[in-house]
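**Student:** Structure, please.
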Amino acid sequence: MKSKREWNFFKDNKSSLIAVIASNILANIPLGIFSVFLYMIIMQLTVPILANQQINFTLLKQYRIWYVGTFIVYILLSMWSQTNNYIKAYTISSDLRLNLGDKLSRISMRFFKERDPGDVIARLLSDVQQLEMIVSRLLPDIAAGLIAPIILIILLANINMALTGIMITSVVFASIFLFAARKVISILGQKHIRAITDTSSRVLEYFKTIKLLKSYDMIGDKFETMNKAMLRLKKLSFRAEVWTGIPIQLFLFCLDAGYLLMLLIAVKMCTAGNLTIVNLFAFAVIGYYFYEPIKSLGTMLIELRYMTISINRISEIFEVEEPSSNQLVELPKENDISFSNVKFSYKENEVLKAVSCHLPEKSMTALVGPSGSGKTTMTSLIARFWDVQSGEVCIGGVPLAEIEPDKLLSKISMVFQDVYLFNDSVANNIRVGNRNASDEEVISAAKLACCDEFIRNLPDGYDTLVSEGGSSLSGGERQRLSIARAILKDAPVVMLDEATASLDPENEAEIQEGIENLVKNKTIIVIAHRFKSIENANQILVLDRGTIVERGPHKELIRSNGLYSRLWQEQQKARGWKMKTG
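**Tutor:** Predicted coordinates for the structure are as follows:
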C-alpha cells in the first residue's frame, strides 16, 4: 500500500520522470559501450604479449578512436541529461512546495494543532528536498547503474553461459541482504526522521524563547528538552547506520565473493582447456566492471527506501480531508451570525457545549469569561478555522458548511493581540489586507489606523523593510499596522481579540481611535479582557466552561450579580492594586 502511495505521488509528473530516466539511460549506453572498447584495447595489448605475438597497432588505433569517440559522446550526453535532471527536479520541487502551501491554507486548523510546528516545516523543506534529490540524483544514478551491467552481462553470456550464471546467481543471493537492509531502513528511517523533526522543533523553540530562557538561566545544557531531543537523534542516527550497515556489508561481501568464485572457476576451466586465456581475461576485466555499478546500485536502493519515507510524509498532507462546502456562487448579503446548539471538542476536551446565540448585523457583541471558557473557539468557528462537530453556525442565515472557506474569509477581518509582520516593506505588510490596493489606499488606511506619522519617521517611510515577525517595531506599532490591514480589507465582519489589553496608555488611545475607524457599520465580535472597553456593546455573552451562562448589555449584567458582575468587581479592585514597599 505504501509503495503504491509513493509512486502514485509522482503521477502528475509522470512525463518529467520518464524524461529524466530515459535521458539517463540514453546517456549511459555509451558508458557500457565505452567499457567494451576498454576491454578490447586491454586484450589487444596483453594477449599478443602473453602469446608471444605481434601487436596489431592498426586495430589498436581503431579501437582507440572508437574509445575516445564513445567517451566524448558519453560526456556530451551526460552534460545534457544532468542539466535536464536538475531542471526537472527543481521544477517539480518548486511546484510541490506551492501546492503544499495551497493545500495547507485550505485544511482545518486541527491539522496544525495536532502537530508540532517543526514537523510541518520539515515536510515543506527537508522532505521536499529529499524528493528533489530522488529526481535530480538518485533515479538517474539508478538508471545509469542498470545500463552498463546489462550490456556487459549480455556480452559475457555470449562468451560463456556457465560463468555468467555464477555472476547472476551471486547478485540474486546478495539481493536477499539488500532487501533486509531496505526493511530495516523502512522501520528505523521513520523513527530517525521523526527524531530529526523533533530536534528541529526544539531548536526552533529554543531560539523563539531565548529571552525567556535567559531570564530563567535555562540556556545551553540547561534547556533539557532540546538536550533530550539531541541525544535521541544521536541514538537513532547511530542505530539506523549500524543496523542498516550490517546487511549492506553482507550484500557487498556476497558480490565480492561471487566475483572471486567466478574467477576461481574460470581459472580451473582455463587450466582444463575448457576456456581460452582471452575469455579468462574477458571475465576478469568485464566482470569487475559488472560488479562495481551493482555495488553502487545496492546502496542507492537503500537510500531510495529512506527517501521514500519523505514522500509518504508529504502524501499525508495531500490526503488530509478539507472542509467540505457546496461552493455557493454568491455569498449571503446579510452579515448576522448565529450559533445553533453548537458542540466542539479538541480531542477529548469538550470546549463548547450546546452553544446557541445570535450576533445581529452592524452590532457589537462581546465575548467574556475565564480562560478556557470557549471565547477564542467561537471566533475560530466563525472564521471556519475549525468545523463544528455538532450543531450549526450560520452567517446571513446560510450554514458556514455550505460556503467555500476562502469566500467566507473575504467577509471577515481579524485583529488579535499577536500580530505577525512579514519580512517585507511596511506598505506591503499593510497591503496584506488587499493585495491590489494602490499606494493612496494604503496611506489612507494607515492614517485611519493612526500609524501614518510613525511610518513616515522610519528610515525609508512606507518602503522601510520590516524584520521577520516585526521585531524591529514596537508592540503598539505592530498593532496599528494590523488595524490598517483590516481597514484596507474593509470586510463587513470584524473580530477583535482586544488589541489594547497589554499596551501602555499612549498606544492604547491611538489604537482605540484606529479601531473606532475600523468598526463603523460592521458586525463586530470582541473577545474582551478589560470590561471597560465593552461597556457600550450591544450584547455581552458570558461564557463559562463551554456554555453561555449570561447574556445582555453591561448595565443589566452588573445588576444581575452573576459571573460577569463578579469579574467586573475583581477588575475594579485590581485597578487600585499596588505593591507593598518596605
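**Student:** Give me the three-state assignment for G273.
**Tutor:** Classification of G273 using DSSP: H, G, I helix; E, B strand; the rest coil returns coil.
**Student:** what about the strands in the stretch 451-582 of the chain?
**Tutor:** Secondary structure of the stretch 451-582 of the chain (DSSP state E, counting those that start in this stretch): strands located at 493-497, 523-527, 539-544, 547-552.
**Student:** nope, the chain is what I meant
**Tutor:** For the chain, strands defined by DSSP state E occupy the ranges 337-346, 349-359, 364-368, 390-395, 398-399, 412-415, 493-497, 523-527, 539-544, 547-552.
**Student:** Paired strands for the longest one, with orientation please.
**Tutor:** Partner strands and pairing direction for strand 349-359 (DSSP bridges) are strand 337-346 (antiparallel).
**Student:** Dump the strands of the chain to TSV, plus mean pLDDT.
**Tutor:** Compiled in TSV, the strands of the chain are given as follows (pLDDT from 0 to 100):
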stretch	mean pLDDT
strand 337-346	92
strand 349-359	90
strand 364-368	90
strand 390-395	92
strand 398-399	89
strand 412-415	86
strand 493-497	86
strand 523-527	89
strand 539-544	92
strand 547-552	92
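**Student:** mind listing what's buried in stretch 112-127?
**Tutor:** Neighbour counts over stretch 112-127 (16 or more other Cβ atoms under 10 Å) mark 116, 118-120, 122-124, 126-127 as buried. C-betas here are computed from N, CA, C, even on glycine.
**Student:** Let's have the residues you listed in a markdown table, adding pLDDT and distance to A537.
**Tutor:** Shown next, in a markdown table, are those (pLDDT from 0 to 100; distance: Cβ to Cβ, whole Å):
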| residue | pLDDT | distance to A537 |
| --- | --- | --- |
| D116 | 73 | 38 |
| G118 | 73 | 40 |
| D119 | 77 | 40 |
| V120 | 79 | 37 |
| A122 | 78 | 44 |
| R123 | 80 | 42 |
| L124 | 79 | 41 |
| S126 | 80 | 48 |
| D127 | 82 | 47 |
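**Student:** What about these, which are in helices?
**Tutor:** 118-120, 122 (DSSP state H).
**Student:** right, and out of those, which lies closest to Y39?
**Tutor:** When those are ranked by distance to Y39 (Cβ to Cβ), A122 comes first, at 47.6 Å.
**Student:** about what we covered before: now render the strands of the chain as a markdown table, adding mean neighbour count.
**Tutor:** Formatted as a markdown table, the strands of the chain follow (neighbours: other Cβ atoms under 10 Å):
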| stretch | mean neighbour count |
| --- | --- |
| strand 337-346 | 18 |
| strand 349-359 | 17 |
| strand 364-368 | 24 |
| strand 390-395 | 18 |
| strand 398-399 | 16 |
| strand 412-415 | 23 |
| strand 493-497 | 23 |
| strand 523-527 | 23 |
| strand 539-544 | 22 |
| strand 547-552 | 17 |
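**Student:** So which of the strands of the stretch 451-582 of the chain is nearest P247?
**Tutor:** Nearest of the strands of the stretch 451-582 of the chain to P247, taken as Cβ to Cβ: strand 493-497 at 55.8 Å.
**Student:** and the gap between the closest residue to K347 other than its chain neighbours and I382?
**Tutor:** Distances taken as Cβ to Cβ, 6 or more residues apart in numbering put E114 closest to K347, at 7.8 Å, once the chain neighbours are dropped. Here the criterion is Cβ to Cβ, to the nearest Å. By it, E114 lies 21 Å from I382.
**Student:** And V171, by the same measure?
**Tutor:** 64 Å.
**Student:** still on that earlier bit, arrange the strands of the stretch 451-582 of the chain in a markdown table, one row each, with distance to S324 as further columns.
**Tutor:** Formatted as a markdown table, the strands of the stretch 451-582 of the chain follow (distance: least, Cβ to Cβ, whole Å):
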| stretch | distance to S324 |
| --- | --- |
| strand 493-497 | 22 |
| strand 523-527 | 24 |
| strand 539-544 | 28 |
| strand 547-552 | 27 |
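**Student:** Let me know whether T365 touches I534 as I believe.
**Tutor:** No - in this structure, T365 is not within contact of I534 by Cβ atoms under 8 Å, at 9.3 Å.
**Student:** about what we covered before: for the buried residues of stretch 112-127, give me TSV that also has distance to I185.
**Tutor:** TSV is the format used below for the buried residues of stretch 112-127 (distance: Cβ to Cβ, whole Å):
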residue	distance to I185
D116	23
G118	22
D119	20
V120	24
A122	18
R123	19
L124	23
S126	17
D127	16
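**Student:** hang on, the earlier thing: now, which of the ones in helices among the buried residues of stretch 112-127 sits nearest A486?
**Tutor:** Nearest to A486 among those: V120, at 26.4 Å, using Cβ to Cβ.
**Student:** what are the ranges of the helices in the stretch 101-250 of the chain?
**Tutor:** 109-113, 117-122, 128-133, 139-157, 161-208, 210-215, 224-271 (DSSP state H, counting those that start in this stretch).
**Student:** rank those by mean pLDDT and give me the bottom one.
**Tutor:** Lowest mean pLDDT of these: helix 210-215, a mean of 65.
**Student:** Now do the contacts for the most centrally placed residue in the chain.
**Tutor:** Nearest residue to the geometric centre of the chain (Cα atoms, centre = their mean): L124, 1.8 Å. Going by Cβ atoms under 8 Å, 6 or more residues apart in numbering, L124 touches 97, 100-101.
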